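Student: this one's structure only:
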RNA sequence: GUCCCCAUCGUCUAGUGGCCUAGGACACCGGCUUUUCACGCCGGCAGCCGGGGUUCGACUCCCCGUGGGGACGCCA
């Protein structure tokens, strides 16, 4: 089936599927180039949510058709990151499925078979032009202020000429034979109708000289074969859609519904990149950002619910998510808001979970957390101050080991009043082995009265001795966490005589 | 350069012709709470890119500018 002329229009905006239709099937198709990009995670999340919302399938497919860029451990990392953030897929390279393999480099015969169909139907052609020629061609076109594209030199080679060169073993690529007349009009769920003049669409390479397919061929073939109903991906793909639609038509297939997500942006509004800060999900995880917070934050980049609610669990998002509330404009990745959200989650999530997740950071810092009671109390207090797990350690470590004082701290510690307070408290704490929090409160009041020292003159030196900082939790909390013996020990360490 | 997309507080956004004196969130500022810090609560600052239409009436619809972004690879 050839589309040689006139306009092609595809209306594929039916977002909700009929019961009779196949169920929703969407995919996240990253290339294994090292780490999972936050933009990629957002794409994965939106696909995941859409699938869950509609009781469909979410598929992970690896696009590793560029041998040069594929990195060996990348797949493993990717899978573990997906697991860690809790985006479970129904089909994928490590779990299989009915439409595998899910790694493109393992699907080479499929692409070979399909490119021949295209060749046979006259929708693709062999091209023997060298890369040098193409580079030169592009340079000239740019110089002449023309859009750089293939000039069609090999487009009309006769069968014999092609056979000849093939027999000679000449290196070749296979190109899409895209009609140059008319225009292509298509519908996108978020962009609505988009029209592109066919004359500016290039004869895209479909098979590279190493025999691997390019993204365009592989993704179209796989999306069809894997029965993908909705292609949800970043806006950077929007301008390739005509080529993809042409491929679907050339194969005689029905194109999926297209959903092009607004880009994630740096603070200067350029496409989010490694250059300007951290973009790898792994690194956020390593720095102790909770997956729940990352997902929630990222869900709000380019999507918003009808009400003003912003805090959603993954499960809740699965229920409220819808494509028609996706924004058109790009969204700046604002770390300040991520931080705020991180704080929200670190304070509201189950304390057992937070403690559990924090443990590895304590281990990394060499802190012994075997005293479970103390550990839980420390976490409970420290979580009020931070927005990521790694920072919990920074606060909680004040309850462990030796305190380190600055010269200024020492000046305060050595003041006469400070010393009186320490002596008083050592004395009082030594009398009993346990206290209720209220008793410590009244002891505080009592000592203020008896010593005649109040306000900051009282609290700062006391907190400094117990906690290593003039600012922080209140005295009963501090002593409650440290326990009697450690409290006394710390006070004694500040006693000079 | 060419084509495509986009445009509400600094940032994420609500808004689908009158409900807008433009709402919420982050950040910022102030107050309250607290011995302090943090948390929390309350309040404040701050925006419809510009110009033309259409309309009784435009943030909302249309056009033109302007600005921003993306694509233009034998990368995805």
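Tutor: Arrived safely, thanks for sending. Predicted model only: the values in this text are computed from it and were never measured.
Student: got the contact list for the longest helix seen in chain A?
Tutor: Using DSSP state H to define each element, chain A has its longest helix at helix A:475-493. If you take Cβ atoms under 8 Å, 6 or more residues apart in numbering as the criterion, helix A:475-493 is touched by A:374, A:377-378, A:381, A:399, A:402-403, A:422, A:425-426, A:429-430, A:432-435, A:437-438, A:440-441, A:444, A:459, A:462-463, A:465-467, A:472-473. Where you see a C-beta, it was placed from the backbone N, CA and C, and this is true even at glycine.
Student: ok, residue A:353 - how many residues close by?
Tutor: Look at residue A:353: counted by other Cβ atoms under 10 Å, it has 11 neighbours.
Student: where's the residue nearest to residue A:319 when sequence neighbours are not counted relative to RNA strand B, distance?
Tutor: Nearest in space to residue A:319, with sequence neighbours left out and distances taken as Cβ to Cβ, 6 or more residues apart in numbering, is residue A:53 at 7.0 Å. According to Cβ to the nearest atom of the strand, to the nearest Å, residue A:53 and RNA strand B sit 17 Å apart.
Student: hmm, residue A:395 is touching residue A:385, no?
Tutor: Yes. If you go by Cβ atoms under 8 Å, residue A:395 and residue A:385 touch, sitting 5.1 Å apart.
Student: quick one: name the residues of the stretch 1-150 of chain A near RNA strand B.
Tutor: Residues of the stretch 1-150 of chain A lying close to RNA strand B by Cβ under 7 Å from any atom of the strand are A:29-31, A:63, A:65-66, A:68-69, A:129-131, A:134, A:138, A:142, A:145-149.
Student: mind redoing it with 10 Å?
Tutor: A:29-33, A:37, A:40, A:42, A:61-70, A:104, A:127-135, A:137-138, A:141-150 (Cβ under 10 Å from any atom of the strand).
Student: list only buried entries from the residues you listed.
Tutor: Listed as buried from these are A:29-33, A:37, A:40, A:42, A:61-66, A:70, A:104, A:127-129, A:134, A:137, A:149-150; burial here means 16 or more other Cβ atoms under 10 Å.
Student: inside strands: which ones of those?
Tutor: Under the assignment DSSP state E, those contribute residue A:127 to strands.
Student: inside helices: which ones of the buried ones among the residues of the stretch 1-150 of chain A next to RNA strand B?
Tutor: Using DSSP H, those in helices are A:40, A:42, A:134, A:137.
Student: for those, which one is nearest residue A:248?
Tutor: Of all these, residue A:40 has the smallest distance to residue A:248: 24.4 Å, by Cβ to Cβ.
Student: gap between the closest one and residue A:258?
Tutor: Look at residue A:40 and residue A:258: by Cβ to Cβ, to the nearest Å, they are 18 Å apart.
Student: where does the spatially closest residue to residue A:255 that is not a sequence neighbour land in three-state SS?
Tutor: In space, and not counting its chain neighbours, residue A:255 is closest to residue A:248: 4.2 Å by Cβ to Cβ, 6+ apart. Following DSSP: H, G, I helix; E, B strand; the rest coil, the label given to residue A:248 is helix.
Student: surely residue A:248 meets residue A:221?
Tutor: No. Residue A:248 is not in contact with residue A:221 according to Cβ under 8 Å; the separation is 9.9 Å.
Student: neighbour count: the two, which is higher?
Tutor: Counted by other Cβ under 10 Å, residue A:248 and residue A:221 do not tie: residue A:221 has more neighbours, with 25 against 18.
Student: where does that one land in three-state SS?
Tutor: Applying three-state DSSP: residue A:221 is helix.
Student: nearest residue to it other than its sequence neighbours?
Tutor: In space, residue A:221 is closest to residue A:114, 5.1 Å off (Cβ to Cβ, 6+ apart).
Student: got the buried residues for stretch A:207-224?
Tutor: Result for stretch A:207-224 [16+ other Cβ under 10 Å]: buried residues A:207-208, A:212-224.
Student: quick one, helices of the stretch 351-497 of chain A?
Tutor: A:351-364, A:372-382, A:389-396, A:407-413, A:416-431, A:437-451, A:456-467, A:475-493 (DSSP state H, counting those that start in this stretch).
Student: can you lay out those helices as JSON lines showing distance to RNA strand B and mean pLDDT?
Tutor: JSON lines is the format used below for the helices of the stretch 351-497 of chain A (distance: least, Cβ to the nearest atom of the strand, whole Å; pLDDT from 0 to 100):
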{"stretch": "helix A:351-364", "distance to RNA strand B": "14", "mean pLDDT": "96"}
{"stretch": "helix A:372-382", "distance to RNA strand B": "9", "mean pLDDT": "95"}
{"stretch": "helix A:389-396", "distance to RNA strand B": "9", "mean pLDDT": "94"}
{"stretch": "helix A:407-413", "distance to RNA strand B": "13", "mean pLDDT": "90"}
{"stretch": "helix A:416-431", "distance to RNA strand B": "12", "mean pLDDT": "90"}
{"stretch": "helix A:437-451", "distance to RNA strand B": "8", "mean pLDDT": "86"}
{"stretch": "helix A:456-467", "distance to RNA strand B": "3", "mean pLDDT": "93"}
{"stretch": "helix A:475-493", "distance to RNA strand B": "5", "mean pLDDT": "92"}
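Student: would you mind giving these as TSV with distance to residue A:333 added?
Tutor: TSV is the format used below for these (distance: least, Cβ to Cβ, whole Å):
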stretch	distance to residue A:333
helix A:351-364	23
helix A:372-382	27
helix A:389-396	20
helix A:407-413	39
helix A:416-431	47
helix A:437-451	42
helix A:456-467	36
helix A:475-493	36
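Student: return the helix or strand in chain A with minimum mean pLDDT.
Tutor: strand A:8-10 (a mean of 42; mean pLDDT, DSSP states H and E).
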